[in-house]
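3D model of this:
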Amino acid sequence: MKGTSFGKWIWIFLGALSLIIRYTVSATSIEQYYSRGLFLWVRRIIDAGLGWLPFPLIYLFFFLLIVWLVRSLMKTDWNNFFQWGRVGQHLLSIAAFLGGVAFFFFFLWGFNYGRIPFTKQLSLKLEPIPIDTLRERLSYKTEELLLLREQVAAQRATALDASFQPANMEHLIRESVVQSLKELNYPTAGRVRGRVLKPKGVFLRFSSAGLYWPFVGEGNIDGGLHALQQPFTMAHEIAHGYGITNEGICNFIAYLACQKSSNAFIKYAGAVSYWRYLAGAYQQHKNKEYWSFRDQLPKGFLADMDAINNTLRQYPDIMPRFRNFAYDKYLKSQGISEGLQSYSQIVMLVEAWERRGEKSILRSAN
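A predicted model of the protein is given here:
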């Protein structure tokens, strides 16, 4: 019994130590010794050890977790469970479990929340975009989008579907994410997997399209996503796997990665995902003007938008307010002050990036 209690105290200590390190060690130290040091070895070990398995590791994780829980419940002495003298042991077990979760979360990935902010490392200044500028950006990004669609399926008036996806999509997307991060001077050790999960709607019903699960080191996307949303979402989750924690930054990297892809469908799909954020930002200010602009767009592109929206409607949210509240609080607790609003930061990030002199797809082609 004493040995068992000692082991529990060890996990409590490790969990507490992880929290202390996360919230007291400087961003410079975390960046140098963890994000660009220890984490790279964690990444290599995960990918070399289990990344080759042909199925998502999150399935294995929850299977083993359920087995452990069942065995623990079977070994529990329920006749004496509620005796007052055992309350302390029960609380100790719970604290040990939470300590272990905290330790592995931070050790395997979570310390990256404390690294030097992306915008500071790249000297990007984010500013609100004037409505006239937003309208201008929407106009030329739409031009880019329509040109890309012509490259995928010229004159097609119906929505694109999964038949246009490349067979090696995960490989192509990871390759582009790695290239983008290297150009931004971010290390990319290992080979982060991007898995498609089933049953469909497992994330969509909770207002999410994907999830990076740090306990197995893999990015996962919902199998119910429309084919045009999958490349961008997969790139987003793979970016998480390489140590990027901020949701808006992962969106930005996903956009850059899709732009760099050699595959026309991935490039178009990434541009579609960014366009939806950009159009949404404009619509918030000029709803009537937005719909007037949208109605003039080609039928093929509108068919793509309608197909995406119709697919999302198949998976209505479960407890959306609770999910949004909980995840918003979680992000803010990890130092992302914008919370859920960080997702839409992509519009300001792309604006700052292009304002700094980086070329967009259309401009680089001319």
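
so what's the closest residue to L204 other than its chain neighbours up against?
Using Cβ to Cβ, 6 or more residues apart in numbering and skipping the chain neighbours, the partner closest in space to L204 is Y315 (3.8 Å). No exception for glycine: its C-beta is placed from N, CA and C like everyone else's. The neighbours of Y315, taking Cβ atoms under 8 Å, 6 or more residues apart in numbering as the test, are K200, G201, L204, R205, D222, G224.

Could you report the separation of the residue nearest to the last one when sequence neighbours are not counted from Y315?
Distance criterion Cβ to Cβ, 6+ apart; nearest residue to G224, sequence neighbours excluded, is K200 at 3.3 Å. Taking Cβ to Cβ, to the nearest Å as the criterion, K200 is separated from Y315 by 7 Å.

Which neighbours do the two have in common?
Shared contacts of K200 and Y315, counting by Cβ under 8 Å, 6+ apart, come down to D222, G224.

how does the protein divide up, domain by domain?
The chain is divided into the following domains under automatic domain parsing: 2-116, 119-365.

circling back to that earlier point, kindly indicate the member of the contacts of Y315 with the most neighbours.
D222 (24 neighbours; other Cβ atoms under 10 Å).

The stretch 201-350 of the chain: helices as residue ranges?
Along the stretch 201-350 of the chain, counting by DSSP state H, counting those that start in this stretch, helices occupy 230-241, 247-260, 264-285, 287-294, 299-313, 320-333, 346-355.

what comes up buried for the third one?
Of the residues in helix 264-285, those buried under the neighbour-count criterion (16 or more other Cβ atoms under 10 Å) are 264-279, 281-283.

do the same with the fourth one
With burial defined by 16+ other Cβ under 10 Å, the residues of helix 287-294 counted as buried are Y290, F293, R294.

Okay, the residue nearest to the first one when sequence neighbours are not counted and W291: tell me how far apart.
The reference is to Y290. Once flanking residues are discounted, Y290 sits nearest to Q283: 4.1 Å by Cβ to Cβ, 6+ apart. For Q283, the distance to W291 (Cβ to Cβ) stands at 8 Å.

which intervals of this structure have sub-threshold pLDDT?
1-4, 77-86, 318-344, 357-366 (pLDDT under 70).

Just want the most central residue of it.
E237 (3.8 Å; Cα atoms, centre = their mean).

which ones are touching that residue?
G194, G210, L211, Y212, G219, N220, I221, C250.

I figured the fifth one hits V192, correct?
It refers to G219. Yes: the pair G219 and V192 qualifies as a contact (Cβ atoms under 8 Å) at a distance of 6.3 Å.

Residues in contact with both of the two, list them for me.
In contact with both G219 and V192: I238, G241, using Cβ under 8 Å, 6+ apart.

So the two - more neighbours on which side?
Taking other Cβ under 10 Å, G219 and V192 do not tie; G219 has more neighbours (29 against 25).

Just give the nearest non-adjacent residue to the more buried one, would you?
Per Cβ to Cβ, 6+ apart, closest to G219 is E237, 2.8 Å.

if you compare the domains of the chain, which one is most tucked away?
Among the domains of the chain, domain 119-365 has the highest mean neighbour count (mean count of other Cβ atoms under 10 Å), at a mean of 18.

Contacts for stretch 294-307 next, please.
Here stretch 294-307 has contacts from 142, 145-146, 149, 153, 155-161, 226, 228, 272, 276, 279, using Cβ under 8 Å, 6+ apart.

Mind checking which of the residues you listed are in strands?
Counting by DSSP state E, the contacts of stretch 294-307 place none of their members in strands.

Please flag which of those residues sit within helices.
T142, L145, L146, R149, A153, V272, R276, A279 (DSSP state H).

Just want the phi and psi numbers for G194.
phi -120, psi 100 (degrees, to the nearest 10).

just to revisit the earlier point, export the buried residues of helix 287-294 to a markdown table and tack on distance to G15?
Putting those into a markdown table (distance: Cβ to Cβ, whole Å) gives the following:
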| residue | distance to G15 |
| --- | --- |
| Y290 | 48 |
| F293 | 52 |
| R294 | 50 |
